[in-house]
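S.K.: okay, here's the prediction I keep looking at, along with the sequence it came from:
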Amino acid sequence: MAEIKIISWNVNGLRAVYRKGFLDWFMDEKPDILCLQETKASPEQLPRRLRHVEGYRSFFTPAERKGYSGVAMYTRIPPKSIREGFGVERFDIEGRIQVADFDDFLLYNIYFPNGKMSDERLKYKLEFYDAFLEDVNRERDAGRNTVICGDFNTAHREIDLARPKENSNVSGFLPVERAWIDKFIENGYVDTFRMFNNESGQYTWWSYRTRARERNVGWRLDYFFVNEEFAKNVKRSWILSEVMGSDHCPVGLEIEV
């Protein structure tokens, strides 16, 4: 059996976090796989040191629109394949999806849409959720184990944000968004962090505007899920709340395969 450490982080701009010591943190942490969301850059815009990190293969999936969205993966373990997208153009052009095949499991690195901008974007977010669920269920029905990480842009339960009542009409904690996560779990997926920790005050995102991080007025928006058959392989799931550089902090998962 081998232990694999995976870290997921919405960096809110890979070039920005690079200037804040990202590579030093990466080399200290040494995950087997690092998944990033909201990279906001295409590979040619990145410094060479970010494109080529010693000991890792890197994969970048930018959005068509410059400086927007984007996901990336660094891995010591060569994947059999990586696909970008669900095969639905209006979702795939935003650079939100990587699905890497590591034999023992498929790793979904997803930057789910934010629904705050407009009713239209909320509708897009919910339709993206459904396209994702259809995709991951199809893989699971074919016998694959799945690990899903990324910024879901929704806090699931009241315990997952500091001020649930004040935010009950805000996208990110709307009943319809929370109900989708309920549905996702009912489909047989496990929120790995809650396997180990049921305490309040555990957040992964804090608004820059109100110095919310200093006061820990946050939201838990970043998750690792696995299909329930694979939950026995999960050894640890945690939040790296001390890591600075973004308005999100990283989250970690350790599995045994």
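M.R.: That came in fine, so what should we check first? These numbers come from a predicted model, not from an experiment.

S.K.: now do the strands in the stretch 101-250 of the chain.
M.R.: Ranges of strands within the stretch 101-250 of the chain are 106-111, 146-151, 189-191, 205-206, 218-219, 222-227, 234-239, based on DSSP state E, counting those that start in this stretch.

S.K.: how many neighbours does residue 241 have?
M.R.: 17 (other CB atoms under 10 Å). In short, each C-beta sits where N, CA and C put it, glycine included.

S.K.: now do it against residue 59, distance only.
M.R.: 27 Å (CB to CB, to the nearest Å).

S.K.: got it, and residue 182?
M.R.: From residue 182 to residue 59 the distance is 32 Å (CB to CB).

S.K.: kindly report the same for residue 21.
M.R.: From residue 21 to residue 59 the distance is 23 Å (CB to CB).

S.K.: who has more neighbours out of those two?
M.R.: Per other CB under 10 Å, whichever of residue 21 and residue 59 has more neighbours is residue 59, with 18 against 12.

S.K.: so is the more buried one in a helix, a strand, or just coil?
M.R.: What DSSP: H, G, I helix; E, B strand; the rest coil gives for residue 59 is strand.

S.K.: mean pLDDT, mean neighbour count and distance to residue 29 added to the strands of the stretch 101-250 of the chain, as a markdown table?
M.R.: What follows is the strands of the stretch 101-250 of the chain, written out as a markdown table (pLDDT from 0 to 100; neighbours: other CB atoms under 10 Å; distance: least, CB to CB, whole Å):
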| stretch | mean pLDDT | mean neighbour count | distance to residue 29 |
| --- | --- | --- | --- |
| strand 106-111 | 98 | 24 | 17 |
| strand 146-151 | 98 | 24 | 15 |
| strand 189-191 | 98 | 20 | 22 |
| strand 205-206 | 98 | 22 | 19 |
| strand 218-219 | 98 | 24 | 21 |
| strand 222-227 | 99 | 24 | 16 |
| strand 234-239 | 98 | 17 | 12 |
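
S.K.: what sits up against the longest helix belonging to the chain?
M.R.: Across the chain, the longest stretch assigned as helix under DSSP state H is helix 119-141. Under the contact criterion CB atoms under 8 Å, 6 or more residues apart in numbering, helix 119-141 has outside partners 86, 88, 90-91, 96-97, 99, 106, 108, 110, 112-116, 146, 148, 153, 171, 174, 176-177, 180, 183-184, 187-189, 227.

S.K.: in PyMOL, select just the buried ones from those residues.
M.R.: A single PyMOL command is used to select the members of the contacts of helix 119-141 judged buried by 16 or more other CB atoms under 10 Å:
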select buried, resi 86+91+96+97+99+106+108+110+112+113+114+115+146+148+153+171+174+177+180+184+189+227
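
S.K.: now residue 68, what are its backbone angles?
M.R.: phi -140, psi 140 (degrees, to the nearest 10).

S.K.: ok, now which ones touch it?
M.R.: Residues counted as contacts of residue 68 (CB under 8 Å, 6+ apart) are 40, 94, 95.

S.K.: among the residues you listed, who's most crowded?
M.R.: residue 95 (26 neighbours).

S.K.: which stretches of the protein form helices?
M.R.: Using DSSP H, helices in the chain cover 14-18, 22-29, 48-51, 89-92, 119-141, 175-186, 193-196, 212-215.
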